[in-house]
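Engineer: Here is a sequence with its predicted model. Questions after.
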Amino acid sequence: MRRLLIIVVGLTGLIASCGGGGVIVDPKPSDLRLTKVDEFKTQYTAKTDLNDDNGNKIASAGDYIICNNRGNRIRVAFDWTGDLSSVQLRLKGLRTGEVTTTSVINYPSGFTDGGVETTLAPGIAPQIVGGSLNSQSITIMPVEVTKLYGRSYLQMQIFDKAGRNGKVAGSTDAITFQSVTALPVVECAADSANVSAKIDNTRTEYRLNSASGTFIACDSIIGNIPGRNHSTQVAVRFSLQGNSPIHSVNIGLRGQNSSQYDSNYRAVVQAYQLASAGNGRYKIAFDANSSTGAFLPQSIIVSPTAGKVKVVAASGKVGAFYPELTIATQTAAFGINGRVSSSIDVYSNCNVIQTTNEDI
């Protein structure tokens with residue numbers, strides 16, 4: 001079976017090459033096999049040859065590069081056999097050996113139209129510290145390089161529904177595919193689009209104690225409509241200034257005091273899923289679900305059926321979250337968050353008192 005992954009990477013991207021495989025022994029055998037990795041392509045290429053500080057050429061004009069200060073769209077095509085549940089992508093610094101997990105894509109929910117698309121927030125740069133392919137899916141852009149940071153490999157692991165590592169076909173114990181070629185990670189010339197954004201506000205399905213009360217999130221709800229006893233609908237409104245159109249937005253909720261559940265609650269919103277309010281203003285609506293019984297967040301459903309705000313009585317404040325967005329335009333990717341302005345308190349138990357006519 002073949003699937004296409006289209007990855008939008010903030011700051012550091014993934015790698016363009018085939019073959020290889022780092023050997024990490026997994027004590028739990030699985031029938032899942034990664035049989036082939038066809039190709040990795042980024043949207044940026046070097047305009048001129050790139051040399052390191054010693055004058056050694058590390059890339060030729062036209063070679064793929066990773067723009068450390070921009071979003072990097074990457075295409076990854078691969079084949080597998082067996083019961084695939086998820087794919088984990090990682091970066092490994094060439095000199096430092098530091099490994100950073102960049103993305104976890106679930107199958108089949110994370111795969112749409114033959115692939116997935118995600119946005120990775122800035123800050124994942126280990127190299128600084130030390131299905132068929134669609135040729136129209138990435139517009140290749142030659143760019144000027146102003147600084148060389150280093151190089152990074154792509155590593156890839158696949159997992160079955162039992163959470164066991166799949167093996168790289170042709171190897172006895174290899175569970176990690178690693179690209180043969182490490183791509184240069186560089187500073188690219190400033191983006192002329194001059195795009196900026198800010199979060200305007202964050203609203204939820206629940207107001208505390210009154211129709212004018214503070215917006216909150218609930219872990220367990222009594223009196224909501226059937227099927228929503230562990231759900232909180234959230235709407236994040238943001239503004240975008242600039243002349244580069246949005247490609248996608250990675251939305252996530254981050255805990256104010258703990259990052260324990262941050263990785264569970266991320267999703268990619270395509271441009272067509274954004275509700276536009278005009279004049280560069282947009283809204284993202286999604287459902288936060290804690291049905292596993294753990295503190296929010298656990299899962300996310302983008303563009304749910306719009307609901308009305310409900311007044312609730314609440315007890316057992318367990319923390320707070322704030323929205324984090326990474327916005328990918330055609331030429332850049334940048335992150336914004338509402339840690340200060342849009343924090344939402346989370347309560348373990350809520351009881352619906354009233355359903356209002358207010359839209360979320």
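Structural biologist: Structure received.
Engineer: Contacts only, for the nearest residue to residue 205 once chain neighbours are set aside.
Structural biologist: What sits nearest to residue 205 in space, not counting adjacent residues and going by Cβ to Cβ, 6 or more residues apart in numbering, is residue 233, at 4.1 Å. No exception for glycine: its C-beta is placed from N, CA and C like everyone else's. By Cβ atoms under 8 Å, 6 or more residues apart in numbering, residue 233 lies in contact with 204-205, 285-288, 304, 306-307, 360.
Engineer: beta partners of residue 233?
Structural biologist: Beta bridges link residue 233 to residue 287 when assigned by DSSP bridges.
Engineer: and what of residue 269?
Structural biologist: residue 249.
Engineer: Pretty sure residue 174 sits in a helix.
Structural biologist: No. Under DSSP: H, G, I helix; E, B strand; the rest coil, residue 174 sits outside any helix and is assigned coil.
Engineer: my guess is it contacts residue 167, does it?
Structural biologist: Yes. Between residue 174 and residue 167 there is a contact under Cβ atoms under 8 Å: 6.4 Å.
Engineer: What number of residues are in the vicinity of residue 88?
Structural biologist: Using other Cβ atoms under 10 Å, residue 88 has 16 neighbouring residues.
Engineer: contacting residues for the nearest residue to it once chain neighbours are set aside?
Structural biologist: Distance criterion Cβ to Cβ, 6+ apart; nearest residue to residue 88, sequence neighbours excluded, is residue 157 at 4.6 Å. Residue 157 makes contact with 87-88, 90, 165-166, 175-177, according to Cβ under 8 Å, 6+ apart.
Engineer: same check, this time on residue 153
Structural biologist: Per Cβ under 8 Å, 6+ apart, neighbours of residue 153: 15, 91-94, 178-179, 182.
Engineer: let's go with 6 Å and repeat that
Structural biologist: Applying Cβ atoms under 6 Å, 6 or more residues apart in numbering to residue 153 gives the contacts 15, 92, 178-179, 182.
Engineer: Most neighbours among these, please name it.
Structural biologist: Going by other Cβ under 10 Å, residue 15 tops the contacts of residue 153 with 25 neighbours.
Engineer: where does the stretch 51-200 of the chain have low pLDDT?
Structural biologist: Confidence mapping of the stretch 51-200 of the chain against pLDDT under 70 gives the ranges 71, 102, 109-141, 190-195.
Engineer: which residue ranges form the helices in it?
Structural biologist: 126-129 (DSSP state H, counting those that start in this stretch).
Engineer: ok, which stretches of it are strands?
Structural biologist: Applying DSSP state E, counting those that start in this stretch to the stretch 51-200 of the chain gives strands spanning 57-59, 64-67, 71-81, 84-93, 99-106, 115-120, 141-143, 145-160, 167-168, 177-178, 183-188, 196-204.
Engineer: Show me which positions of the fifth one end up buried.
Structural biologist: Which is strand 99-106. Buried residues in strand 99-106, counted by 16 or more other Cβ atoms under 10 Å: 99-100, 102-105.
Engineer: List just the nearest of these to residue 272.
Structural biologist: Checking the buried residues of strand 99-106 against residue 272 by Cβ to Cβ gives residue 105 as the nearest, at 19.9 Å.
Engineer: if I look at that closest one, how far off is residue 51?
Structural biologist: According to Cβ to Cβ, to the nearest Å, residue 105 stands 35 Å off from residue 51.
Engineer: Give me the distance between the closest residue to residue 146 other than its chain neighbours and residue 29.
Structural biologist: Among residues not flanking residue 146 along the chain, residue 187 sits closest, at 4.8 Å (Cβ to Cβ, 6+ apart). Separation of residue 187 from residue 29 (Cβ to Cβ) stands at 44 Å.
Engineer: Between the two, tell me which one has more neighbours.
Structural biologist: Taking other Cβ under 10 Å, residue 187 and residue 29 do not tie; residue 187 has more neighbours (15 against 9).
Engineer: ok, that one - contacts?
Structural biologist: Taking Cβ under 6 Å, 6+ apart as the criterion, residue 187 is in contact with 68-69, 146-147.
Engineer: My read is that residue 311 contacts residue 206, right?
Structural biologist: No. Using Cβ atoms under 6 Å, residue 311 is not in contact with residue 206, being 7.7 Å away.
Engineer: can you tell me which helix or strand residue 277 belongs to?
Structural biologist: strand 275-278 (DSSP states H and E).
Engineer: contacts for that strand?
Structural biologist: Outside strand 275-278, the residues that touch it by Cβ under 6 Å, 6+ apart are 282-283.
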